Every structure is written in C-alpha cells, then in structure tokens.
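Chemist: Sequence first, predicted model second:
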Amino acid sequence: ICIHVLNGPNLNLLGFREPHIYGKTTLADIERMLKEKAQAEKVDIVFRQTNHEGELVDWIQQAGRDGAGIILNAAAYGHTSIALKDAISGSSAKVIDVHLSNVYAREEFRHKSMIAPVCVGSICGFGANSYLLGFDAILGVMRANSA
Ligand code: DQA
C-alpha cells in the first residue's frame, strides 16, 4: 500500500501563516508524524507540496498510475478548481479531502468545495490532526479494497 500526501498553495508556510487559524505546526512536523504512522502500519508514504494547480493535476494522475491512495489538502484550489475535480474523477486513486481549519465556520466562499463530491470523504477542522485522521481514513479504504 502506498499513500501520497498532496498539499496545495500556501501550505509551505504552515506554522507561520495565520497561526490563529492554521496552528503552529509546520508541514515538516506533519510530514514527520505521518511518516511515523506509515512506518508503524508498514505502508509507503510520499509527501509533496506545490503552489501550482497543474502540478497537483500531474500528481493526482501519477498516484492513479501508481495505484496509490491520496490524502489531499488542495487548500484554496479545492474551492475553485474544475481541473482538480476532473483529475480526481479521471484517476483511479481514492482521495480523502482534508483541511486544517473548519471551513464551514469561515467565509461563505470556503463553504463550497469543487472536489469534495468526487472524493471518498472529507475531514476538516482538526488542525494538523486532520491529516492523521485522513491517514486512518485512506488506509481503511485501501485495505478494504485490497482485501
Ligand atoms: C485550508 C482551507 C482553505 O480554505 C484555505 O484556502 C487554505 C487552507 C485548510 O487546510 O484549512 O489554504 O485548506
């Protein structure tokens, strides 16, 4: 089993960017926690971040070809991107949609997700823990599929 953790725009600044909303945990901290979990569960994990929409499209396609599952924080693109929605629909990879913040408690424009309908499910509002919950979620889906 292989899991790809894909992160979209501005998440490279996690820990420093609006910490009252996103917390003080950095993306490197999250990567460390996920790697520990992956090791304990004996699964492979790949960790990536980009500020570019098309690069996320490439990575979703690649995860599909590799037979990997995806934990995706598409950040702002999750609210807007038809290209990401199409990439997920067109990929055989199962995707768990994650956000650190509770997007439903924030501005109206964050209440809409372009990608959630084509993901297995969504997790939001638990800070860095959203990723750890996302890990358990995608692992459960992949183990069920390979059983
Ligand atoms: C986010 C929520 C998005 O609305 C926002 O654009 C982000 C981060 C989150 O993880 O809470 O950049 O995806």
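Modeler: Arrived safely, thanks for sending. These figures come from a predicted structure and were not determined experimentally.

Chemist: contacts and neighbour counts: CA atoms only from here.
Modeler: OK.

Chemist: gap between the longest helix seen in the chain and the chain center?
Modeler: When the chain is parsed with DSSP state H, its longest helix is helix 129-146. Distance of helix 129-146 from the chain centroid (C-alpha atoms, centre = their mean, to the nearest Å) equals 11 Å.

Chemist: What residues sit buried inside that helix?
Modeler: By neighbour count on 16 or more other C-alpha atoms under 10 Å, the buried set for helix 129-146 is 129-135, 137-139, 141-142.

Chemist: now, which of those residues sits nearest Val103?
Modeler: Of all the buried residues of helix 129-146, Val103 sits closest to Ser130, with 12.4 Å by C-alpha to C-alpha.

Chemist: give the contact list for the closest one.
Modeler: Ser130 makes contact with 98-100, 123-124, according to C-alpha atoms under 8 Å, 6 or more residues apart in numbering.

Chemist: Report the buried members of those.
Modeler: For the contacts of Ser130, buried by 16+ other C-alpha under 10 Å: 98-100, 123-124.

Chemist: Farthest pair within those residues?
Modeler: Leu100 and Ile123 (8.3 Å).

Chemist: Considering only the buried ones among the contacts of Ser130, which also neighbour the ligand?
Modeler: Restricting those to those near the ligand by C-alpha under 6 Å from any ligand atom leaves 99-100.
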